[in-house]
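A.B. asks: here is my input; please provide its structure:
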Amino acid sequence: MAQTTPPSPEQDTQAVVDKQRSIQQQQDSKDAAKSEKSGGAESSEQPVQAGLNEQPVPPLPAQHLEKPGLEADMQLQPRFMAEGYKGSGKLEGLSALVTGGDSGIGRAVAVLFAREGADVAIFYLNEHEDAEETKRCIEAEGRRCVLMAGDVKDAAYCREVVEKTVSELGKLDILVNNAAFQEHADSLEDITEERFDETLRTNIYGYFHMAKAALPHLKQGSCIINTGSVTGLEGSSKLLDYSATKGAIHAFTKSLASNLISKGIRVNAVAPGPVWTPLNPSDKDPESVRNFGADTDMKRPAQPEELSPAYVFLASPVCASYITGIVLPVTGSVGA
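C.D. replies: Numbering: from 1, shown residues only. Prediction:
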């Protein structure tokens, strides 16, 4: 019986090369056929709609707001009511305090907390018109609302806010740290020490002051939720100081979670991607605002009502009693 000579290593590798080239040629043919059918033009991806309601997509109104930015002045009003969300008592009988709760994500969170049965205190800077609208919406859900205006950089006033919340609402079960300052810069050289200090003291010191003031009133089953950002996960070339604070918030969240776990107090964070709130039109130029969120995988920004259920989930002891120290990305992109 004649013996066959086994293929040499060179023949083995050549067979692999031939196979891979054949696969490549088949795909090249398919690509060429597609290109010919479309006239050579690349197909444009459409913004993704994955919820019950169709959300606004770029181009958005080209608008620039004066800081701190009133939601009432936005040409396209952010969607925060989450009409399709039905409350089921997940926060029944609890009391919450939300910083930056007058508008944007904070407003949407406050409204859903109320829908789930919580009374809500709102701590905001000076956007009184927005705050009154938030209060109206909370009371329409059948819950109590307390409004307090002031600066989260002021440790003494943060203590006053917590004390008033406990006095008015009877207790404090949930703290949501959400207030923030953001201003873009094309270069590190554009960021003065004064600006750097304002960003850090608002975004980091504010969270620290509020958590420290709230802690004596929190008990087993209470929680703290911090608003981080996708910029704290990935960085941002135009938001150097803001991104640094958000990364610090994520680390603060995990560290405080470890520190408080023995007390039965949970600490988590939500890291939003681009969200249509006053924060961005009061930062970016009108042309940039038009394309806000278009660089996400979903090709659009989120509306606040698409973020707020994540806060309910993390706040609810019936949903997240075994979750602490996480940073939950809600970014409209894969793998953030």
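
A.B. asks: would you list every one of the strands in the chain?
C.D. replies: Per DSSP state E, the chain carries strands over the ranges 95-99, 119-124, 145-149, 174-177, 223-227, 266-272, 327-330.

A.B. asks: so what are the sheet partners of the last one and their directions?
C.D. replies: Strand 327-330 has these partner strands in its sheet, going by DSSP bridges: strand 266-272 (parallel).

A.B. asks: now the fourth one
C.D. replies: Strand 174-177 has the following sheet partners, assigned by DSSP bridges: strand 95-99 (parallel), strand 223-227 (parallel).

A.B. asks: contacts for it?
C.D. replies: 91, 94-99, 101, 106, 109, 113, 118, 206-207, 210-211, 214, 218, 222-227, 249, 311, 315 (CB atoms under 8 Å, 6 or more residues apart in numbering). Just so you know, the C-beta spots here come from the backbone N, C-alpha and C atoms, and that holds for glycine as well.

A.B. asks: output the strands of the chain as a markdown table; include the columns mean pLDDT.
C.D. replies: Formatted as a markdown table, those follow (pLDDT from 0 to 100):
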| stretch | mean pLDDT |
| --- | --- |
| strand 95-99 | 98 |
| strand 119-124 | 98 |
| strand 145-149 | 98 |
| strand 174-177 | 99 |
| strand 223-227 | 98 |
| strand 266-272 | 98 |
| strand 327-330 | 98 |
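
A.B. asks: which one is Val275 nearest to, not counting chain neighbours?
C.D. replies: Closest residue in space to Val275, ignoring its immediate chain neighbours: Ala302 at 4.7 Å, by CB to CB, 6 or more residues apart in numbering.

A.B. asks: what's the burial count for the one you found?
C.D. replies: A count of nearby residues for Ala302, using other CB atoms under 10 Å, gives 24.

A.B. asks: OK, contacts around Ala82?
C.D. replies: When contacts are counted by CB under 8 Å, 6+ apart, Ala82 is found next to Ala108, Val111, Leu112, Glu305, Ser308, Pro309.
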